[in-house]
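In: Got a predicted structure plus its sequence, pasted below:
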Amino acid sequence: MESVKFVLLFLCFAGLLFCGITITVNVLYMVIGTLYDLFSRPKCPNCTKRVGKETIRCPHCRSALGEKRPQEEINPELYARVKALIAGQRRVSEEELTPDTHLAEDLGIAGDDGYELLEAFCETFEIENMSEIEPYDYFGPEAVDPFYVYVFLYYWVFNREKLNEPYYSLRPLYLRDLVKSAEAKRWILSKE
């Protein structure tokens, strides 16, 4: 009977130790990743604040960064309606939104918030092919997988080239893309 108690006690201790190590390593991984992302982002040449890597317009001083995308004609009435929908969903002012607003980076939309935004967009503008939209391609997962650290350690030991690939790569989704889809009444962003 004593040996059974000892084995159960040992298994409980080993499980708690494993969970504790997993949580500690994941917290360190998230802190280091956040610091790396914070300090590796480029700076705006005008206001010297950090901006996203794919950002076209600085969210702080509103100056244009890098190459501008060619301006396309967009329907002003639909543009105003899409802007009002996004502003209402994200609780931002409509003046902050431009056709080049990157929904994930500039507005901080991720995971289920992106799914809810696209669902509201499709209902409002009667998008026919809603089933073809994969929101997580544009907004990523809601949170970090707690066991990803073990995948990271596996790649670090056995396949270091895989570490250079992003954990998930987001496809860009701009406000102008939503306006084009609303005008066509179908999701027009192609699957790459």
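Out: Okay, I see it.
In: so which strand or helix has the residue lying closest to residue 124 once chain neighbours are set aside?
Out: Leaving aside its chain neighbours, residue 124 sits nearest to residue 85 (5.8 Å; criterion: C-beta to C-beta, 6 or more residues apart in numbering). Quick note: C-beta positions are derived from backbone N, CA and C, even for glycine. Element membership of residue 85 [criterion: DSSP states H and E] is helix 76-90.
In: other SSEs contacting the helix or strand following that helix?
Out: Going down the chain from helix 76-90, the next helix or strand is helix 103-107, by DSSP H and E. With contacts taken as 3 or more C-beta pairs under 8 Å, 6 or more residues apart in numbering; DSSP states H and E, helix 103-107 sits against helix 76-90, helix 112-124, helix 135-139.
In: Relative to residue 2, which of these is closest?
Out: In terms of C-beta to C-beta, the element of those nearest to residue 2 is helix 112-124, at 50.0 Å.
In: CA atoms only for that closest one - export them in PDB, please.
Out: Taking Å, rounded to 0.1, in the frame of the first residue of the first chain, the C-alpha atoms of helix 112-124 are listed here in PDB:
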ATOM      1  CA  ASP A 112     -12.300  35.800 -32.800                       C
ATOM      2  CA  ASP A 113     -12.500  39.600 -33.100                       C
ATOM      3  CA  GLY A 114     -11.500  39.300 -36.800                       C
ATOM      4  CA  TYR A 115     -14.100  36.500 -37.300                       C
ATOM      5  CA  GLU A 116     -16.800  38.600 -35.800                       C
ATOM      6  CA  LEU A 117     -15.800  41.600 -37.900                       C
ATOM      7  CA  LEU A 118     -15.900  39.600 -41.100                       C
ATOM      8  CA  GLU A 119     -19.200  38.000 -40.100                       C
ATOM      9  CA  ALA A 120     -20.800  41.400 -39.500                       C
ATOM     10  CA  PHE A 121     -19.300  42.700 -42.800                       C
ATOM     11  CA  CYS A 122     -20.700  39.800 -44.800                       C
ATOM     12  CA  GLU A 123     -24.200  40.200 -43.200                       C
ATOM     13  CA  THR A 124     -24.300  43.900 -43.700                       C
END
